[in-house]
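Novice: Fold the stuff below for me.
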Amino acid sequence: MSVESNGRHPAAVAADLAPIQSIDRAANVLALLNQDTPVLTAAFVAERLGLNRTTARRYLQSLQRAGFLSPSFGPGPLLDQLSSLVSVRQQILTFAPAIMRQLSDSTGLTTVLSFLGRTGAVVTLVEEAGQGTIILTVRVGTVLELKAAQTRVLLAFASDPAAVTRAHAALSPAEAARERDTLAGVRRHRLAWADLGREGLASAAVPVFATHEVQAAMAMLGTTAMLGPDRSAERVAALEQAAQTLSSMIAR
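Specialist: Modelled structure (predicted):
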């Protein structure tokens, strides 16, 4: 009998990977919406997907109740919400590079912008410092640690409480409690410092607001001689101003 390397039977693995028919069919129904078809009907869905009209109408009604479709079976509020999120992120990625470049040039520090992933901040944009012989940087796509400044900002303002619970799952109860206290301070001050146990390195991050929620975190990376809670008020003020400028440019 064959067993996968992780100890699971191939049949169990295949079952996990198998498509869920109802979800696939719902996706196919939603995919029928376009510029030429702004509203769906049971007859149209039945014809295009090879369903009987009763089944097609049940899918339309279920999608309407879930918020994917409107009462008239056009795009519903949940699709509008998801579309808005994509639009906001596109705007952030359009406007942020120039703002971050100016911030990096004025402070001499690398600036970073991240979005919240499943377990921490995901580095999305980086503008490296153009001065000095040693440049601190981070790769785009890096998932930052739990105690990274940007992760703390994004978790502190996360709209989904489950995001914090999921991120803290590997911590002991005492460690999780300490980190929750830290996040409470981040919410009060709208500023986070990294606590990565790396002597000589420092990072500060602030939130980027849009649509009344925090959508991203902007940070600076530097040495403790250049960046730290007790010696970098001017640089932190510049970081805060850059994030506010970016927030003001995002359509609400």
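Novice: next SSE after the lowest-mean-pLDDT helix or strand in the chain?
Specialist: Ranked by mean pLDDT, DSSP states H and E, the weakest helix or strand in the chain is helix 10-17, scoring a mean of 46. Per DSSP states H and E, the first helix or strand lying C-terminal to helix 10-17 is helix 21-30.
Novice: buried sites along that next one?
Specialist: For helix 21-30, the neighbour count (16 or more other Cβ atoms under 10 Å) marks 25, 26, 29, 30 as buried. The C-beta positions use only the backbone N, C-alpha and C, and glycine is treated the same way.
Novice: Kindly report the same for stretch 101-112.
Specialist: Of the residues in stretch 101-112, 103, 104, 107, 109, 110, 111, 112 count as buried by neighbour count, 16+ other Cβ under 10 Å.
Novice: Let me see the contact set for the last one.
Specialist: Read it as residue 112. With contact set as Cβ atoms under 8 Å, 6 or more residues apart in numbering, residue 112 has these partners: 100, 123, 125, 126, 127, 138, 150, 218, 219, 220, 221.
Novice: Narrow those to those in helices?
Specialist: 100, 150 (DSSP state H).
Novice: I'd like to know which of the contacts of residue 112 is nearest to residue 74.
Specialist: residue 125 (35.0 Å; Cβ to Cβ).
Novice: Now the nearest residue to that closest one once chain neighbours are set aside, what are its backbone angles?
Specialist: Spatially, and ignoring its direct neighbours in sequence, residue 125 is nearest to residue 113 (4.1 Å; Cβ to Cβ, 6 or more residues apart in numbering). Note on residue 113: its backbone torsions stand at phi -120, psi 130 [degrees, to the nearest 10].
Novice: Residue 113: neighbouring residues, count only.
Specialist: 27 (other Cβ atoms under 10 Å).
Novice: Please give me every residue in contact with it.
Specialist: Counting by Cβ under 8 Å, 6+ apart, residue 113 touches 92, 96, 100, 123, 124, 125, 126, 208, 216, 217, 218, 219.
Novice: and if you look at residue 88?
Specialist: 210, 211, 215, 250, 251.
Novice: Highest neighbour count among those residues?
Specialist: Busiest of the contacts of residue 88 [other Cβ under 10 Å] is residue 210, holding 23 neighbours.
Novice: phi, psi of it?
Specialist: Residue torsions, per degrees, to the nearest 10, at residue 210 are phi -160, psi 140.
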